[in-house]
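Peer 1: sequence? don't have it. structure:
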């Protein structure tokens with residue numbers, strides 16, 4: 001059994017960080033709720049916003065989710081190659097992600113994903129030893145169910161709209177002008193609309209795995225099938241999968257027409273588009289232009305956690321009041337330009353960093369905790 005790294009997975013993980021950054025810049029600049037209530041934008045910003053909403057938002061993070069599921073199976077295989085059991089290592093990794101995610105969400109930014117990835121790892125443990133076919137079936141069933149649950153109008157009532165506007169006004173004032181303590185207290189004590197309802201919170205936490213599990217399971221199934229390890233022989237499959245790109249884009253574009261199907265089109269289209277992007281990237285991966293850049297993307301992907309957390313540190317320092325205070329001032333278009341520049345710098349940093357070090361600082365800490373060893377290596381099983 002081979003457990004070597006799959007270069008395409010590293011490269012795709014690195015490239016998806018660009019999309020994640022561009023989508024998150026709407027939150028860094030305008031807030032979690034304010035990004036969906038932008039008005040009176042210039043033509044340039046309106047075009048940039050529509051581009052981000054249709055092509056990027058909701059479809060970059062799911063790629064990361066698929067790759068996380070894929071890597072979870074690779075981690076299990078790597079551990080079991082050296083010792084008999086992997087469950088406690090996977091549990092420790094989940095707890096490590098929960099700890100890092102909690103620190104990230106509490107002290108830096110409430111848009112963290114690591115916390116949910118840690119909890120989802122625990123949820124996925126019963127699926128780890130299932131066959132690929134089983135994982136794909138579960139993925140499809142949960143995708144249909146979660147998408148169907150999105151049926152209904154997304155329009156807010158007058159009261160909900162007033163509460164949302166009031167929250168956005170408070171958030172804008174604090175993030176734009178507050179010091180670190182002000183922003184920390186706001187995140188800790190001011191509840192977003194609806195989050196003060198315990199029943200709503202209970203339902204949300206109960207249904208959360210249902211909405212995000214499909215792509216984790218899909219990625220696990222791909223790893224079980226050893227997808228992307230022999231890419232020259234999988235080209236026909238990639239071509240078929242890439243057809244999901246226009247389908248996903250059409251669904252997302254149509255979702256802006258208000259109807260009871262808007263949420264279904266947005267959610268379903270976003271996930272289909274992410275899968276389509278993955279296969280389109282695989283189709284292009286062996287071409288010469290992409291191969292020239294593949295090493296760069298792979299470097300960013302190998303440092304994915306470090307680069308992800310650095311994006312938060314840099315962006316909050318630039319946009320929040322305790323930093324340069326550019327919150328809401330850069331605009332959507334120039335925010336996209338800023339994101340491309342920042343990601344390019346991360347590409348340069350990642351390539352040069354990996355020439356001196358084997359893995360990133362956060363990856364090293366998580367690896368030491370996962371493998372329960374100071375050198376981060378998996379302890380070999382004893383042989384007679």
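Peer 2: Thanks, I have the structure now. No experiment lies behind these values; they were computed from the predicted model shown. Numbering: from 1, shown residues only.

Peer 1: okay, now the unreliable bits of the stretch 151-300 of the chain?
Peer 2: Counting by pLDDT under 70, the stretch 151-300 of the chain shows low-confidence ranges at 153-154.

Peer 1: all strands of it, in order?
Peer 2: Assigned by DSSP state E, counting those that start in this stretch, the strands in the stretch 151-300 of the chain number zero.

Peer 1: where exactly do the helices run in it?
Peer 2: 158-177, 180-189, 198-224, 235-242, 244-254, 262-285, 288-302 (DSSP state H, counting those that start in this stretch).

Peer 1: for residue 328, find the nearest of these.
Peer 2: Minimum separation from residue 328 across these (CB to CB) falls at helix 158-177, 6.0 Å. C-betas here are computed from N, CA, C, even on glycine.

Peer 1: what's the angle between that closest one and helix 180-189?
Peer 2: Orientation check (axes from the mean of the first three to the mean of the last three CA atoms, to 10 degrees): helix 158-177 against helix 180-189 gives 160 degrees.

Peer 1: residues making contact with helix 158-177?
Peer 2: 30-34, 37, 156, 182-183, 186, 190, 192-194, 319-321, 325, 327-328 (CB atoms under 8 Å, 6 or more residues apart in numbering).

Peer 1: go through the helices of the stretch 151-300 of the chain and pick out the most buried.
Peer 2: Using mean count of other CB atoms under 10 Å, the stretch among the helices of the stretch 151-300 of the chain with the greatest mean number of neighbours is helix 262-285 (a mean of 22).

Peer 1: now the angle from that helix to helix 198-224?
Peer 2: 20 degrees.

Peer 1: tell me, what residue is most central in the chain?
Peer 2: Nearest residue to the geometric centre of the chain (CA atoms, centre = their mean): residue 61, 3.0 Å.

Peer 1: buried ones among the contacts of helix 158-177?
Peer 2: Among these, those buried by neighbour count (16 or more other CB atoms under 10 Å) are 30-31, 33-34, 182-183, 186, 192-193, 319-321, 327.

Peer 1: any idea which of those residues is closest to residue 334?
Peer 2: residue 319 (12.1 Å).

Peer 1: correct me, but that closest one touches residue 331?
Peer 2: No. Residue 319 lies out of contact with residue 331 (CB atoms under 8 Å); the separation is 11.9 Å.

Peer 1: what touches both of those two?
Peer 2: If you check residue 319 and residue 331 against CB under 8 Å, 6+ apart, the residues they both contact are residue 29.

Peer 1: now do the same end-to-end measure for stretch 29-40.
Peer 2: 16 Å (CA to CA, to the nearest Å).

Peer 1: quick revisit: quick one: closest of the helices of the stretch 151-300 of the chain to residue 67.
Peer 2: Between these, helix 198-224 lies closest to residue 67; by CB to CB that is 6.1 Å.

Peer 1: what packs against the closest one?
Peer 2: helix 61-82, helix 114-124, helix 132-148, helix 262-285 (3 or more CB pairs under 8 Å, 6 or more residues apart in numbering; DSSP states H and E).

Peer 1: with distance to residue 95 added, can I get those in JSON lines?
Peer 2: Below are the helices and strands packed on helix 198-224 laid out as JSON lines (distance: least, CB to CB, whole Å):
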{"stretch": "helix 61-82", "distance to residue 95": "14"}
{"stretch": "helix 114-124", "distance to residue 95": "7"}
{"stretch": "helix 132-148", "distance to residue 95": "23"}
{"stretch": "helix 262-285", "distance to residue 95": "27"}
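
Peer 1: quickly note the distance from residue 176 to residue 155.
Peer 2: Distance from residue 176 to residue 155, counting by CB to CB, to the nearest Å: 28 Å.

Peer 1: could you verify my assumption that residue 250 touches residue 269?
Peer 2: Yes. Applying CB under 8 Å, one finds residue 250 in contact with residue 269, separated by 7.3 Å.

Peer 1: on that earlier part again, can you list the helices of the stretch 151-300 of the chain in JSON lines and add distance to residue 308?
Peer 2: Shown next, in JSON lines, are those (distance: least, CB to CB, whole Å):
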{"stretch": "helix 158-177", "distance to residue 308": "20"}
{"stretch": "helix 180-189", "distance to residue 308": "19"}
{"stretch": "helix 198-224", "distance to residue 308": "17"}
{"stretch": "helix 235-242", "distance to residue 308": "26"}
{"stretch": "helix 244-254", "distance to residue 308": "24"}
{"stretch": "helix 262-285", "distance to residue 308": "17"}
{"stretch": "helix 288-302", "distance to residue 308": "10"}
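
Peer 1: nearest to residue 116, of those helices?
Peer 2: Nearest of the helices of the stretch 151-300 of the chain (CB to CB): helix 198-224, 7.0 Å.

Peer 1: quick check: angle from that closest one to helix 114-124?
Peer 2: Computed by the same axes, to 10 degrees, the angle between helix 198-224 and helix 114-124 is 70 degrees.

Peer 1: what sits against residue 140?
Peer 2: residue 214.

Peer 1: hmm, I typed the wrong one, I wanted residue 133.
Peer 2: Contact analysis of residue 133 by CB under 8 Å, 6+ apart lists residue 221.

Peer 1: any idea how far it lies from residue 142?
Peer 2: Distance of residue 133 to residue 142, computed by CB to CB: 15 Å.

Peer 1: residue 47 too?
Peer 2: Between residue 47 and residue 142 the distance is 35 Å, computed by CB to CB.

Peer 1: over to residue 168?
Peer 2: Applying CB to CB to residue 168 and residue 142 gives a distance of 32 Å.

Peer 1: now stretch 326-333: buried residues?
Peer 2: Residues of stretch 326-333 classed as buried by neighbour count (16+ other CB under 10 Å): 326-327, 330-333.

Peer 1: what's it in contact with?
Peer 2: Residues from elsewhere that reach stretch 326-333, judged by CB under 8 Å, 6+ apart: 26, 28-30, 34, 38, 41-42, 44-49, 52, 172, 175-176, 318-321, 338.
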